[in-house]
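K.L.:
What shape does this take:
(one chain, ligands or ions: 1)
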Amino acid sequence: MNDAMSASLNDEMMKNIDWSKLGFHYTEPDYIVRAACHEGVWEEPYATQDKYLHLHVSATCLQYGQEAFEGLKAFRGVDGKIRLFRWRENARRMAKSAEGLYMRPVPEELFGRAIRLALEKNIDFVPPYGTGATLYFRPLLIGTTPRLGVGPGRDFEFVVIPSPIGPYYPGKFHCTSFIVNRHVDRAAPFGTGQFKVGGNYAASFRATEAAHAQGYDCLFLDAKYHRYIDECSAANFIGIKECTKEQSTMYKVEYLTPLSSAILPSITNDSLMTLAKERGIKVTRRRILLEELSEMTEAAACGTACVISPIDKVVDPEQGRTYSFGSEPGPVLSELYHALRDIQFGRAEDRHGWTEVIEIKN
Ligand SMILES: Cc1ncc(COP(=O)(O)O)c(C=O)c1O
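P.N.:
Here you go, the predicted structure:
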């Protein structure tokens, strides 16, 4: 079957959704998947059309923020096959988040079964190849034990919420402008920044909404010194530097990304670092001073939603400085972006075993 035939067959099987108009918004799926954990024992995940949870008002997720989540995607490839991208990494990260908030981790294989079931039950929501849209999964883990005294619960609910989403930034590459905020910290050095937990996002809203009101996204600095780059809103930071002959005779360019105990270990960043190394780029993870932006030729935010969003400028109002990178994405990050997209959409060989083709039983 050629690409055009498989695309039109896909179209026929699809829901009546205008895929080109999908943004990064929630579209109600047919089913969500749930599994509860009581007394340390997980039940088998099951699909349900009921999108509401019957939750006690004193559940620890509501009272004390015992909540962690994830984000991953299924891609319809050029060959019509559906691929999940690095779901085991999401399962492992969620297990770390669970431990970070004293919750019972979801076993990796159960996480995988829940994602596959959510995919199978919502197969018509996998967008066709060529639209740039994907089926996004939002796994969620919450503490459900009723408790008024401060402390963790013993019962948990794991939910997988699928939703088709369009490209995070419709159109080709979308450049983002960032503004520095030294008055709101996203996460403390020994806090929960390394975990994907709702509290981090709630804590960042004062800064992100203030930035949006001025037409920017928020660049978070480390909470201790307010000197080093931590994260770009809800994405990791990447900078590209040219290596001088004095610095290195081996490498022409360097991929820099922050080393910080307060940032989320991005699976996209990890994948891009691997692809960069394969292309003879020096990859360095270390603390990055904000002023070092002036030495970088390219900068970007990276994450599952957008893969890479080039940064056109970073404004530091307090220091009266603006770091500019131009409105066109640079060559190094563009190449890495396309390399990763090609693997996700089955256009390039997946030499790292990052994708899992999901066979759907009829
Ligand atoms: C705070 C934060 N940092 C980084 C990322 C990027 O991580 P990933 O590439 O695994 O999506 C995300 C998105 O999940 C995020 O919310």
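K.L.:
What backbone torsions are found at the residue positioned nearest the centre of the chain?
P.N.:
Taking CA atoms, centre = their mean as the criterion, residue 304 is the residue nearest the geometric centre of the chain, at 3.6 Å. Dihedral pair for residue 304: phi -50, psi -40, per degrees, to the nearest 10.
K.L.:
so how far is the ligand from the nearest residue to it once chain neighbours are set aside?
P.N.:
Leaving aside its chain neighbours, residue 304 sits nearest to residue 71 (5.1 Å; criterion: CB to CB, 6 or more residues apart in numbering). C-beta here means a position set from N, CA and C on the backbone, and glycine is covered the same way. Using CB to the nearest ligand atom, to the nearest Å, residue 71 is found at 5 Å from the ligand.
K.L.:
Now for residue 71: which residues touch it?
P.N.:
Counting by CB atoms under 8 Å, 6 or more residues apart in numbering, residue 71 touches 90, 136-138, 196, 304-305.
K.L.:
sorry, back to before: could you report the pLDDT at the residue nearest to the centre of the chain?
P.N.:
Note on residue 304: pLDDT of 97.
K.L.:
Enumerate the strands of the stretch 251-362 of the chain by residue range, in sequence order.
P.N.:
Assigned strands in the stretch 251-362 of the chain, in chain order: 253-258, 282-286, 298-303, 307-316, 321-324, 355-358 (criterion: DSSP state E, counting those that start in this stretch).
K.L.:
Write out the residues of the chain neighbouring the ligand.
P.N.:
Contacts of the chain with the ligand, taken as CB under 6 Å from any ligand atom, map to 71, 231, 234-236, 264, 266-269, 303-304.
K.L.:
quick revisit: so which of the strands of the stretch 251-362 of the chain comes closest to residue 142?
P.N.:
Minimum separation from residue 142 across the strands of the stretch 251-362 of the chain (CB to CB) falls at strand 298-303, 22.6 Å.
K.L.:
So which residues of the stretch 151-300 of the chain form helices?
P.N.:
Under the criterion DSSP state H, counting those that start in this stretch, the stretch 151-300 of the chain carries helices at the ranges 198-213, 267-278.
K.L.:
can you redo these as JSON lines with mean pLDDT and distance to residue 85?
P.N.:
Formatted as JSON lines, the helices of the stretch 151-300 of the chain follow (pLDDT from 0 to 100; distance: least, CB to CB, whole Å):
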{"stretch": "helix 198-213", "mean pLDDT": "97", "distance to residue 85": "22"}
{"stretch": "helix 267-278", "mean pLDDT": "98", "distance to residue 85": "8"}
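K.L.:
and among these, the most buried is which?
P.N.:
helix 267-278 (a mean of 19; mean count of other CB atoms under 10 Å).
K.L.:
Show me where the protein dips below the pLDDT cut-off.
P.N.:
Residue ranges of the chain with pLDDT under 70: 1-14, 169-172, 362.
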